[in-house]
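Undergrad: Sequence plus the predicted model coming up.
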Amino acid sequence: MANPKSKSKPEPKYRPVIEPVAHFVFTPTTTHQHVFPAPTAIKALAISTTSSDTRQSLIYIGTLTGAIYLLSLNPAADENDRVSVIKHTLIGNGSAIVSILVVENLKRIIVLSGDGFLYLLDSFLLEAPKKVSVIKGGVTAFARRFFSKNYSNSDRILPKLNGVKSKEDGSSSISSSSSGGGSFVVAATGKKLVLAELVSSGSVVLLKEILGVFEGMIRDLAWVDDSIIFGNKSGYFLYSCISGQCGLIFSLPELSGQPQLKLLVRECRVLLLVDNVGVTVDTEGQPVGGSLVFRGVPDSIGEIGSHVVAVKNGKMELYYKKSGNCVQVVMLSSDAGGGTCVVASQEDVSGEFVAVSMSSKVIFYRKVPWEEQIKDLLRKKCFKEAISLVEELQSEGELTKETLSFIHAQVGFLLLFDLQFEEAVNHFLLSEKMQPSELFPFIMRDPNPWSLLVPRNRYWGLHPPPTPLENVVDDGLKTIQRAIFLKKAGIETAVDDEFIVNPPTRADLLEAAIENFIRYMQASRHKDLTPSVREGVDTLLMYLYRALNHVDDMERLASSENSCIVEELEMLLNDSGHLRTLAFLYASKGMSSKALAIWRVLAKVTSGQETAVAEASNILEESSDQDLVLQHLGWIADINPVLAVQVLISDKRSNVLPPDEVIAAIDPKKVDILQRYLQWLIEDQDSDDIQFHTMYALLLAKSALESYEIEHGSQNSEAGTSKELNVSHHGSNSIFDSPLRERLQIFLQSSDLYDPEEVLDLIEGSELWLEKAILYRKLGQETLVLQILALKLEDCEAAEQYCAEIGRPDAYMQLLEMYLDPKDGKEPMFKAAVRLLHNHGEALDPLQVLERLSPDMPLQLASDTILRMLRARLHHHWQGQIVHNLSRALDVDASLARLEERSRHVLINDESVCDSCHARLGTKLFAMYPDDTIVCYKCFRRQGESTSVTGRNFKEDVLYKPGWLVTR
């Protein structure tokens, strides 16, 4: 087992949401300084934050005997002095107090007595209680209007209530809490709702009476914005102050208890109870969220923060509103006696206190800071519950991003020391505040190059200080062994049951820890880190890879862009034998010499030769260090000549290597490499160095001679075959794309910069006739070229083409003589001679041909040849005569047409004008252009004889007339 998931603990999931801050018991001892007896039972509670000292709260207690007590609560005082009785007063005829309502903005309280009347008192009980006379008796419930944050139309009730007479002074006095500083209240009297306003003067103004359209007496109600929600024995109803309509929200079962509702100030919603089930509705009466299921029918309900407080049978329970889960159960003091419990909370969004009474005892609780709640859960190792609480606080806007990040990091460290490595890293990744350097001490012991980068942040001090992972695992295993021992003794521990049932091994835990640390470091590489921290992340990530022997990951990290510190990893990788990784690391840091030295060593191993050569060549292709390239060129060429050539001709380097030094460094035995390099210099680099051209030609010629000898040698044919196979093998290594002799011939023809005589001296006695023909041609030896083409190669077409290039008739005659008299005992080439006469006989003199015909030439071939020549000559003569006569006829016709054009008569009368100046011609000299335009002599001199009045230039735009064309 490597890394079990964090599981729920067997302990209860409760957390301390509230804690007791003070208590008070009414006894003669505590009240002897006041002249009144202790109350028999507490029936109503209310809390007010209105005080001249903001550290104090005022507590109002209503008793069964009709008394109102004012207490002061100061949590900052000494434990025995936190609660004190300030004053008390008696209400009405001594009937029990039903409820108390605090109107903080007017510094008043309204009390509902058991006699059905409302009484108005000042907040410090300094004045005598005043009965609210405008609301007749029989009041069963009352509430103050509460405005939500988003409510912006608090005066919309005014048009509906306009013109209502006050019962106290008879004048029309309509105001609102927003305009006049008053406070609206609603009271239920039987089946009727009474709306009134408590104004700043302390008087109550009746606004409206609403008769019920329902059955049963109203038992409880709440007023939020423009909606009044109330309940009776038949169900819960909503009355709209805007429309004046009253509608049923839902009905109650016949056997259900009394309706009870609670205004949830934080959400501006109302909790409606149906026995032990609470349904939350909004101001429209629509259910919102899930229901709260209590463990019994509550005696009383309160609210503190995001929790609902329910009390029953001496027990207080807190329920989280959103999930409905019970998060805390508080057992009230057993010495408080029996009776109904009453809970009161501050009607404030930021309320911090609740008060709970049982008989004559009051206990005060305050909200535990969320930090302490989370700490308590973490100490119990209830990690899931702690994170759930954090998410709740975040959704409610009580946590900032920085705080959330802090808590994730804290939880991560606790899980880390609890050996829950996967979950720990998950929380680390969720923490934006946490720095990767905080994990450095877990990977490398102090002191190390990054010791000063580790922030000394102890968080809440819930986990031990950082220590290497080996120590974490060892300490965790000791804890597991101790837990197993205690488990056998029947003692429960906080260790995960999965560890106890199936104890992990040290190796498995270390592997899981390192794997998850790798995951965190990999994610950290994508963060915006300082250079020093980035160096630590990459270097320690390499340590972790090496610990698990993740060779592929090591090489991937080393070969990519990284911030590893070479000095920290050099010895580690060398000692562990990870030379490839070290070579990649050297190369990525620009330490090419060290990287190449390692690749050279690895190239001696047969299994890694190709890879070593490939990586070394990649480095050298980009290097402009001449000495480094030439130093390692040899061993690369021994293994892979293709890569060696690629190193020399690479276009990745900024500066080209000096050709002379490269040529000198190439092993003379590596002819193919030298040839390919020279070819690159000449063809790709356009080198016009005569030395390079001649050297390349000589190398090609020498290789061609050797190849020819191998292919046609008569001795040691087996060895020749073997050597031939060797040459072919190198040729197929993609150094050259074309055969050797083809490259030689193309180069000899295309280049004019090599020394042909030097090459010719090398191949003079060989059978490389075509190459020799090319060289002789370069030297202007026409006869030798024709002899090779016609006699040695017997390539009639090439020979005839060469004669055409020469362009002289005697060249064909010379070629004919070679065909008819080959010499050296070779038979005459009559067919070639006939082909030549057939193709080019018209260019030869028949008499010279007859003189040179061999007596041994067959008569039929000779007669056909001579007849063909004579016919060709006669045909050529007749063609010339025809062309001559046609030309003469054209000339005659043109002369005649010109004469006719010049002999034309033009009629000029008195109306004839010049086409240019429009003057009458009369007896003036005039001229006429070929396009029949007539101008006077003066205009003719100005226009010229080639351009007419129309602008046409007869030299550029020739004019033809049908009569001028030759028609005969």
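TA: That came in fine, so what should we check first?

Undergrad: Now do the strand or helix carrying Lys487: distance to the chain's middle.
TA: Per DSSP states H and E: Lys487 is located in helix 469-488. Helix 469-488 sits 42 Å away from the centroid of its parent chain (Cα atoms, centre = their mean, to the nearest Å).

Undergrad: what about it, average pLDDT?
TA: Summarised as a single mean, pLDDT over helix 469-488 is 90.

Undergrad: List the contacts of it.
TA: 416-419, 442-443, 464, 467, 492-493, 495, 499-500, 503-504, 506, 509-510, 513-514, 517 (Cβ atoms under 8 Å, 6 or more residues apart in numbering). All C-beta atoms are positioned from the backbone trio N, CA, C, and that covers glycine.

Undergrad: and with 7 Å instead?
TA: 416-417, 419, 442-443, 493, 495, 499-500, 503, 506, 509-510, 513-514 (Cβ atoms under 7 Å, 6 or more residues apart in numbering).

Undergrad: Buried residues, it. List them.
TA: Buried residues in helix 469-488, counted by 16 or more other Cβ atoms under 10 Å: Leu469, Val472, Val473, Gly476, Leu477, Thr479, Ile480, Ala483.

Undergrad: and what of stretch 641-654?
TA: So stretch 641-654, judged by 16+ other Cβ under 10 Å, has buried residues Pro641, Val642, Leu643, Ala644, Val645, Gln646, Val647, Leu648, Ile649, Ser650.

Undergrad: so how far is Leu847 from the fourth one?
TA: Going back to what we said before, that points to Ala644. As judged by Cβ to Cβ, to the nearest Å, Ala644 and Leu847 stand 66 Å apart.

Undergrad: what's the answer for the second one, then?
TA: When distance is defined by Cβ to Cβ, Val642 is 64 Å away from Leu847.

Undergrad: And for the fifth one?
TA: Separation of Val645 from Leu847 (Cβ to Cβ) stands at 61 Å.

Undergrad: just to revisit the earlier point, pick out whichever of the buried residues of stretch 641-654 sits closest to Leu198.
TA: For these, the closest approach to Leu198 (Cβ to Cβ) belongs to Ser650, at 93.8 Å.

Undergrad: Skipping its backbone neighbours, what lies nearest the closest one in space?
TA: Counting by Cβ to Cβ, 6 or more residues apart in numbering, the nearest residue to Ser650 once its immediate chain neighbours are dropped is Glu621, at 3.8 Å.

Undergrad: wait, that neighbour sits on Leu648?
TA: No - in this structure, Glu621 is not within contact of Leu648 by Cβ atoms under 7 Å, at 9.3 Å.

Undergrad: For the helix or strand encompassing Val329, C-alpha coordinates in CSV please.
TA: Assessed by DSSP H and E, Val329 sits inside strand 326-331. Provided in CSV are the C-alpha atoms of strand 326-331 (Å, rounded to 0.1, in the frame of the first residue of the first chain):
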residue,chain,number,x,y,z
CYS,A,326,-25.8,19.3,13.0
VAL,A,327,-22.3,20.7,13.7
GLN,A,328,-22.4,21.1,17.5
VAL,A,329,-24.4,19.8,20.4
VAL,A,330,-24.2,21.6,23.8
MET,A,331,-25.5,20.0,27.0
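
Undergrad: List the buried residues for it?
TA: Cys326, Val327, Gln328, Val330.

Undergrad: closest to Met695 among these?
TA: Among the buried residues of strand 326-331, and counting by Cβ to Cβ, the member closest to Met695 is Val327, at 92.2 Å.

Undergrad: do you know how far that closest one is from Gly490?
TA: For Val327, the distance to Gly490 - Cβ to Cβ - is 29 Å.

Undergrad: what's around Glu498, how many residues?
TA: 15 (other Cβ atoms under 10 Å).

Undergrad: quick one: it and Asn953, what's the gap?
TA: Distance from Glu498 to Asn953, by Cβ to Cβ: 108 Å.

Undergrad: Quick one: residues contacting Glu215.
TA: For Glu215, the contact set (Cβ under 7 Å, 6+ apart) comprises Ser234.

Undergrad: Next: Ser256.
TA: Ser256 neighbours (Cβ under 7 Å, 6+ apart): Val274, Asp275.

Undergrad: ok so it is a helix residue?
TA: No - remark: Ser256 does not belong to a helix; assigned using DSSP: H, G, I helix; E, B strand; the rest coil, it is coil.

Undergrad: Torsion angles phi and psi at Asn80?
TA: Note on Asn80: backbone dihedrals following degrees, to the nearest 10 are phi -80, psi -10.

Undergrad: ok, which stretches of the stretch 501-650 of the chain are helices?
TA: Assigned by DSSP state H, counting those that start in this stretch, the stretch 501-650 of the chain shows helices spanning 506-524, 531-547, 551-559, 566-576, 579-588, 592-602, 609-622, 626-639, 641-649.

Undergrad: In which helix or strand does Leu399 reside?
TA: Using DSSP H and E, Leu399 falls outside every helix and strand.

Undergrad: Correct me if wrong: it contacts Leu393.
TA: Yes - counting by Cβ under 7 Å, Leu393 is a contact partner of Leu399 at 4.6 Å.

Undergrad: and the gap between Ala595 and Cys939?
TA: 92 Å.

Undergrad: Comparing these two, which shows the higher neighbour count?
TA: Set side by side, Ala595 and Cys939 show more neighbours around Ala595, with 22 against 18, by other Cβ under 10 Å.

Undergrad: count of residues packed around the nearest residue to that one once chain neighbours are set aside?
TA: Sequence neighbours aside, Tyr586 is the residue nearest to Ala595 in space, at 3.7 Å (criterion: Cβ to Cβ, 6+ apart). As a burial measure, Tyr586 scores 22 neighbours (other Cβ under 10 Å).

Undergrad: circling back to that earlier point, quick one: the helices of the stretch 501-650 of the chain as CSV, columns for distance to Leu71 too.
TA: Conversion of the helices of the stretch 501-650 of the chain to CSV gives the following (distance: least, Cβ to Cβ, whole Å):
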stretch, distance to Leu71
helix 506-524, 55
helix 531-547, 57
helix 551-559, 69
helix 566-576, 69
helix 579-588, 75
helix 592-602, 83
helix 609-622, 85
helix 626-639, 91
helix 641-649, 94
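
Undergrad: out of those helices, which comes closest to Ile407?
TA: Using Cβ to Cβ, the nearest of the helices of the stretch 501-650 of the chain to Ile407 is helix 506-524, at 17.5 Å.

Undergrad: Now the closest one: buried residues?
TA: 509-521, 524.

Undergrad: Please work out the angle formed by the directions of it and helix 551-559.
TA: 30 degrees (axes from the mean of the first three to the mean of the last three Cα atoms, to 10 degrees).

Undergrad: Any chance you could list what contacts helix 506-524?
TA: Contacts of helix 506-524 (Cβ under 7 Å, 6+ apart): 1-3, 419, 421-422, 425, 428-429, 436, 439, 443, 469-470, 473, 476-477, 537, 540-541, 544-545, 547-548.
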